[in-house]
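Student: Predicted structure and sequence below. I'll ask about it afterward.
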Amino acid sequence: MKSQHATVQNRRHGNDEDDMSENEAEKRIIDGSAWHAFCDRLKEVGDVVLDGRNPDGPFDRAEGYRYLTRLLRAGLEAQLEFGDPRFPGFYQLSNETIKIGNDNPDNHYLNTTIDGRHDYVITGNRGTVHYLSFGSKSGGYENTGRMEPTGQIEATEMKFESDGSFVLLVSNTPKPGNWLPTTPETNQVIVRQTFHDRETEAVARMKIERVEAVGTRALDPATLEQKLLGSVRFVENTANIFIDWMGFYAKHINELPSDDQERCQNAGGDAKIHYFQSYWKLEDDEALVIQPERIPECQSWNFQLSNYWMESLDYRHHKISVNKHTAVADDDGNVTIVVCAADPGPKYPNWLETTGHKEGGMLFRWIDAVDHPAIATRVVTLADL
């Protein structure tokens, strides 16, 4: 089947619904045309799963359609429930059951919509989560297909009160104290909270408000169709972006080279994370052995497995990732990670399970590391492990 990417590019700009008058938009709500247009576009977008580059078995196809439902939930949250930059609030674009672009199983993500022409203030409590960063972005998958960085600050660069409370100012002009830079084009903030141990660390709690907000929180009927179709653009563009990425990674299956860091940053990545991203593919009697060249001085590191759609595998019920805290070190202080379908035994404590998958995405992160050692990989049979 022909790639949907060209279709995505055509729809990223000049959307007809944006040019609709208020009266026309309201009439389309009243007669049901707006809802029908939303449903029709969503039906068309379902064909992205049938792209000829994708696996065509029932398991991967089923996960692909489930993936689209998850993206739709995320898109509706972003567009309808939290899409007004006058009255922003934090929501999760990725979580345990909404997964995008090799989402980190160790992360608690928060997102919020803002307007970079205005000032905002974030207040909250630091908690005890190991790594906390705030990044301002422009664009969005539903708009340009990119989340370009416009500013970042991380907890080690911030000041907190003795009880962990903090105030963070968000603006396109410098502010005293804790300040997250933006530009007039900024339209969102991503918060990353990275655990070493979810069972013992407390997540940071926070809220965001716009300074001198005006207007009403009530739904504007004239914008409903635009927001519904925006959520579908989010589904289509997000799915196609990461299908394209898996096409890049198919050039080095079962290897973990350093990724294109600029592309990662422009997709919403964290400036203090160095990404090694790739594609794994194994038979049931094979294992992928992963060993960093060495462990550098760093805040943290982790490695994860994902499915073909670049959704982290189900970390609620399976061991599919390992990090600086949970890994068992080798005698020389390095780490050996083994990926295979069946438990290879106690000799390999850093075993990650493929949960019925034959292929998918994978990602190794160095987080705030002094340097970024290479990651060696090799495929062996279980008998030779």
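Tutor: Received it, and whenever you're ready, just let me know what you need.
Student: Would you give the sheet partners of the helix or strand hosting I190, along with the direction of each?
Tutor: Here I190 sits within strand 186-194, counting by DSSP states H and E. Here strand 186-194 is paired, per DSSP bridges, with strand 107-113 (antiparallel), strand 131-140 (antiparallel).
Student: Dump these into TSV; add mean pLDDT and distance to T186 as well.
Tutor: All C-beta spots, glycine's among them, are computed from the backbone N, C-alpha and C. Converted to TSV, these look like this (pLDDT from 0 to 100; distance: least, CB to CB, whole Å):
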stretch	mean pLDDT	distance to T186
strand 107-113	98	10
strand 131-140	97	5
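Student: how about those in a markdown table, adding mean neighbour count and distance to R365?
Tutor: Output for the strands paired with strand 186-194, formatted as a markdown table (neighbours: other CB atoms under 10 Å; distance: least, CB to CB, whole Å):
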| stretch | mean neighbour count | distance to R365 |
| --- | --- | --- |
| strand 107-113 | 21 | 10 |
| strand 131-140 | 23 | 11 |
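Student: what's the distance between the residue nearest to P149 when sequence neighbours are not counted and S33?
Tutor: In space, and not counting its chain neighbours, P149 is closest to Q265: 5.5 Å by CB to CB, 6 or more residues apart in numbering. Going from Q265 to S33 by CB to CB, to the nearest Å gives 40 Å.
Student: Those two: which has the busier surroundings?
Tutor: Counted by other CB atoms under 10 Å, Q265 and S33 do not tie: Q265 has more neighbours, with 20 against 14.
Student: can you pull the contacts of the more buried one?
Tutor: Each residue near Q265 by CB atoms under 8 Å, 6 or more residues apart in numbering is listed here: 148-149, 271.
Student: List just the nearest of those residues to F59.
Tutor: Nearest to F59 among the contacts of Q265 is E148, at 35.1 Å by CB to CB.
Student: ok, the closest one - how many residues close by?
Tutor: E148 - counted by other CB under 10 Å - has 17 other residues nearby.
Student: now it, what's its secondary structure?
Tutor: Using DSSP: H, G, I helix; E, B strand; the rest coil, the three-state assignment for E148 comes out as strand.
Student: That one contacts G139, doesn't it?
Tutor: Yes. Counting by CB atoms under 8 Å, E148 does reach G139; the two are 5.3 Å apart.
Student: one step back: closest one to E157 out of the contacts of Q265, please.
Tutor: A271 (11.5 Å).
Student: Now for the closest one, how many residues are close by?
Tutor: There are 15 residues near A271, going by other CB under 10 Å.
Student: Could you check how far the spatially closest residue to it that is not a sequence neighbour is from S278?
Tutor: Nearest non-adjacent residue to A271, counting by CB to CB, 6+ apart: Q152, 5.1 Å away. Here the criterion is CB to CB. By it, Q152 lies 25 Å from S278.
Student: Compare neighbour counts for those two and give me the winner.
Tutor: S278 (22 against 19).
Student: Bridging across strands, which residues link to that one?
Tutor: Assigned bridge partners for S278, using DSSP bridges, are M362.
Student: Surely it is in contact with K251?
Tutor: No. Using CB under 8 Å as the test, S278 is too far from K251 to be in contact (9.2 Å).
Student: L256 contacts R378, correct?
Tutor: No. Using CB under 8 Å, L256 makes no contact with R378, being 11.0 Å away.
Student: So those two - more neighbours on which side?
Tutor: Taking neighbours as other CB under 10 Å, L256 and R378 compare with L256 leading, 23 against 11.
Student: Specify the beta-bridge partners of the residue nearest to the more buried one when sequence neighbours are not counted.
Tutor: Nearest in space to L256, with sequence neighbours left out and distances taken as CB to CB, 6+ apart, is I375 at 4.1 Å. As for beta bridges, I375 partners with P292 under DSSP bridges.
Student: Counting neighbours, what do you get for I375?
Tutor: 19.
Student: Give me the distance between it and D84.
Tutor: I375 sits 43 Å away from D84, going by CB to CB.
Student: show me where this structure has helices.
Tutor: Along the chain, counting by DSSP state H, helices occupy 5-11, 22-30, 33-45, 58-76, 224-249, 261-266.
Student: Just say which of these is most tucked in.
Tutor: Mean neighbours per residue, mean count of other CB atoms under 10 Å, is largest over these for helix 224-249, with a mean of 22.
Student: Show me what that helix is packed up against.
Tutor: For helix 224-249, the packing partners by 3 or more CB pairs under 8 Å, 6 or more residues apart in numbering; DSSP states H and E come out as helix 5-11, helix 22-30, helix 33-45, helix 58-76, strand 273-281, strand 359-369.
Student: And the residue nearest to P149, how far from T216?
Tutor: Q265 sits at a distance of 36 Å from T216 (criterion: CB to CB).
Student: same question, A34
Tutor: Counting by CB to CB, the gap from A34 to T216 is 21 Å.
Student: H317 too?
Tutor: Taking CB to CB as the measure, H317 falls 43 Å from T216.
Student: Over to T381?
Tutor: 65 Å.
Student: before we move on, what about L132?
Tutor: Counting by CB to CB, the gap from L132 to T216 is 33 Å.
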